[in-house]
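Chemist: Next comes the sequence, and after it the predicted model I'd like to discuss.
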Amino acid sequence: MEGIIIKSTGSWYKVLDEKGNTYDCRLRGKFKMEGIRATNPVAVGDKVEFSLEHDQGTGIITQIHERKNHIIRKATKLSRRSQVIAANLDQALLIATLFLPRTSTGFIDRFLVNCEAYSVPAHIVFNKYDLYEEEEEQLLDELISIYEPLGYKCLKVSATRKTNLDDFSDLLSNKITLLSGHSGVGKSTLINAIEPGLNLKVDEISLAHLKGKHTTTFAEMFRLSKGGFIIDTPGIKEFGLVDFEPWELCHYFPEMLKLFNQCRFDNCTHLHEPGCKVKEKLEEGEIHPYRYHNYLNMLTGQDTRN
């Protein structure tokens, strides 16, 4: 039998078959994903083959099909290991906010770099727009002016006021979409606003730390009434990068990639080398200081929470 992983809880996986039936399955033996040192060999979105166990109502996953893409991040306590968040995606949406808990440009850029590295189209949804004051609105307009010319569609939404929810829903229609972001940015609230039947758990912001509380424990895929699926993920505090060489990182910044081979040195890191085209475009205002600053932080291994 063939199916797709719609929920992962560690040792057990919920598999949706082609007829719409779901089965609780576990892995047979030890699986190794070629080229990926991951803490989880199977992720939500993986296409698998499985067989049912006799008279038990559960299944055994016997084969994992090759992935067309995936999103991965460094495991928090295992610096040499990584966690596959989801696989076989049509797109990834970063749910961000400039209200509480505020999403930094550093976090946004780390997310986008991971999407670029693993061939996943990405967009940014700025939630809680109804709470923005003049300072946040000005910053948001500036961020949109940075990201949209690079190919990242940006949406201003409010789950509580239902602002631009039709545009949000249309963006998800007939696609497999990963939704990610910090705890408390309103992922579950947004999903409930367009799919109230899912009734996902929503929690309040922690007043002690002005941060979101985790309400999603495991990644899970949900079918949308208009067609397509969304993958809701646990709130992410940080987004560590995985296995990038210093000279390679700039390839995942579109504004730097288009300058490829225009620097004096082929392995230019755009940090201190003479004849650097990227630094030239930075001085001319064609590369935004936010983006270059975040690039330097990634290059030098600065705090991934920034």
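Modeler: Cool, the structure landed.
Chemist: Spit out the contact partners of the residue nearest the centre of the chain.
Modeler: Residue closest to the mean C-alpha point of the chain, counted by CA atoms, centre = their mean, is Ser180 at 4.8 Å. By CB atoms under 8 Å, 6 or more residues apart in numbering, the contact list for Ser180 reads Ile71, Ile85, Ala92, Leu93, Leu94, Ile95, Phe111, Lys187, Thr233, Ile236. (Each C-beta comes from the backbone N, C-alpha and C, glycine too.)
Chemist: Which one of those is nearest to Thr62?
Modeler: For the contacts of Ser180, the residue nearest Thr62 by CB to CB is Ile85; the value is 23.7 Å.
Chemist: Quick check: which element contains the closest one?
Modeler: Taking DSSP states H and E as the definition, Ile85 sits inside strand 82-87.
Chemist: Export that strand to CSV, keeping only CA atoms.
Modeler: The C-alpha atoms that make up strand 82-87 are tabulated as CSV, following Å, rounded to 0.1, in the frame of the first residue of the first chain:
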residue,chain,number,x,y,z
SER,A,82,19.6,17.9,11.8
GLN,A,83,15.8,17.7,11.9
VAL,A,84,13.7,17.3,8.7
ILE,A,85,10.7,19.5,9.4
ALA,A,86,8.7,18.5,6.3
ALA,A,87,9.1,17.0,2.8
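Chemist: And the contacts of whichever helix or strand comes after it?
Modeler: Downstream of strand 82-87, the next assigned helix or strand under DSSP H and E is strand 91-96. Contact with strand 91-96 is made by 71, 103, 107-108, 111-112, 115, 120-127, 171-172, 175-182, 185-187, 190, as judged by CB under 8 Å, 6+ apart.
Chemist: which residues of this protein score low on pLDDT?
Modeler: Scanning the chain for pLDDT under 70 picks out the ranges 30-38, 75-81, 203-217, 237-240, 242-243, 302-306.
Chemist: which residue of it sits farthest from its center?
Modeler: Most peripheral residue of the chain (CA atoms, centre = their mean): Asp55, 38.9 Å.
Chemist: you'd agree that one is in a strand?
Modeler: No. Counting by DSSP: H, G, I helix; E, B strand; the rest coil, Asp55 is not part of a strand but coil.
Chemist: Which members of the contacts of strand 91-96 occur in strands, if any?
Modeler: Under the assignment DSSP state E, those contribute Ile71, Ala122, His123, Ile124, Val125, Phe126, Ile176, Thr177, Leu178, Leu179, Ser180 to strands.
Chemist: Give the full set of residues in contact with the fifth one.
Modeler: Which is Val125. Leu93, Leu94, Ile95, Ala96, Cys154, Leu155, Val157, Phe168, Leu190.
Chemist: Relative to Gly29, how far out is the third one?
Modeler: In other words, Ile95. For Ile95, the distance to Gly29 equals 37 Å [CB to CB, to the nearest Å].
Chemist: got the contact list for the closest residue to His288 other than its chain neighbours?
Modeler: Counting by CB to CB, 6 or more residues apart in numbering, Ile146 is the residue found nearest to His288 once chain neighbours are left out, at 4.9 Å. Ile146 makes contact with His288, Tyr290, Arg291, according to CB under 8 Å, 6+ apart.
Chemist: Surely the last one is within a helix?
Modeler: Translated: Arg291. Yes. With three-state DSSP as the criterion, Arg291 is part of a helix.
Chemist: any idea how far the residue farthest from the centre of the chain is from Ala117?
Modeler: With CB to CB as the criterion, Asp55 and Ala117 are 45 Å apart.
Chemist: isn't Leu271 right up against Leu299?
Modeler: Yes. The pair Leu271 / Leu299 is scored as a contact, 6.5 Å apart, by CB atoms under 8 Å.
Chemist: The two - which one has more neighbours?
Modeler: Leu299 (17 against 13; other CB atoms under 10 Å).
Chemist: Contacts only, for the more buried one.
Modeler: Pro246, Leu249, Thr269, Leu271.
Chemist: for the last one, helix, strand, or coil?
Modeler: Translated: Leu271. With three-state DSSP as the criterion, Leu271 reads coil.
Chemist: wouldn't Cys115 be in contact with Pro121 here?
Modeler: Yes. Between Cys115 and Pro121 there is a contact at 7.2 Å, judged by CB under 8 Å.
Chemist: Helices along this protein, start to end?
Modeler: 105-117, 134-147, 165-172, 187-194, 254-257, 277-283, 289-299 (DSSP state H).
Chemist: Output stretch 194-202 in PDB with nothing but the alpha carbons.
Modeler: The C-alpha trace of stretch 194-202 is given here as PDB (Å, rounded to 0.1, in the frame of the first residue of the first chain):
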ATOM      1  CA  ILE A 194      -9.900  30.000   7.200                       C
ATOM      2  CA  GLU A 195     -10.700  26.400   8.200                       C
ATOM      3  CA  PRO A 196     -12.800  26.700  11.400                       C
ATOM      4  CA  GLY A 197     -13.600  23.000  11.300                       C
ATOM      5  CA  LEU A 198     -10.000  22.100  12.200                       C
ATOM      6  CA  ASN A 199     -10.400  23.800  15.500                       C
ATOM      7  CA  LEU A 200      -6.700  23.900  16.300                       C
ATOM      8  CA  LYS A 201      -5.600  24.600  19.800                       C
ATOM      9  CA  VAL A 202      -4.700  28.300  20.400                       C
END
